[in-house]
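> what would the 3D arrangement of this be:
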Amino acid sequence: MRVIASLVAAAAIVMGACTTRGHPIYNVEKAPIILPPGKSANMTQVSTAIMRAGSRLGWVMNPEGPGRITGRINVKNILAVIDVEHDTKSYSIKYRDSSGLNAESGTIHQRYNGWIQNLDKNIRAELTGL
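Below you'll find the model as predicted:
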């Protein structure tokens, strides 16, 4: 009985460790910009929507050039840096750098992926409001 209890406890520890780090880095690749019927958006409107979406979530968003924005988030000494590239038809969110997120060999702490998924969701919401 003790052996089974020990195995269950060990499995729980291993499963817990797996959920906090070592997840594939989540990037958004060429997500389509979907606007209401009959609407169109220019580059400035798309950039503004992306920067607003990031800012609302605590990202510091800086334009780097036409269709290029760098985002940074710093939470409790954990830093993530992303590149957001866009045109008027699609956008991409790509990992650039981090500290405190155990990034290595294409994997990262799950917290990062959650931040990117939330950012993606907020960008889509901002864009549909154009």
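> can you give me the strands in the chain?
Per DSSP state E, the chain carries strands over the ranges 23-24, 28-32, 60-65, 68-75, 78-86, 90-99, 107-108.
> closest to residue 124 out of those?
With CB to CB, the closest approach to residue 124 among the strands of the chain belongs to strand 28-32: 7.5 Å. Yep, even glycine has a C-beta here, placed from its N, CA and C like the rest.
> any idea of the mean pLDDT in the closest one?
Averaging pLDDT along strand 28-32 yields 98.
> what do you get for stretch 105-114?
pLDDT averaged over stretch 105-114 gives 96.
> flag every buried residue along it.
Neighbour counts using 16 or more other CB atoms under 10 Å place 108-113 of stretch 105-114 among the buried residues.
> centroid-nearest residue for this structure?
Centroid-nearest residue in the chain, with CA atoms, centre = their mean: residue 116, separated by 1.3 Å.
> brilliant, that's me finished.
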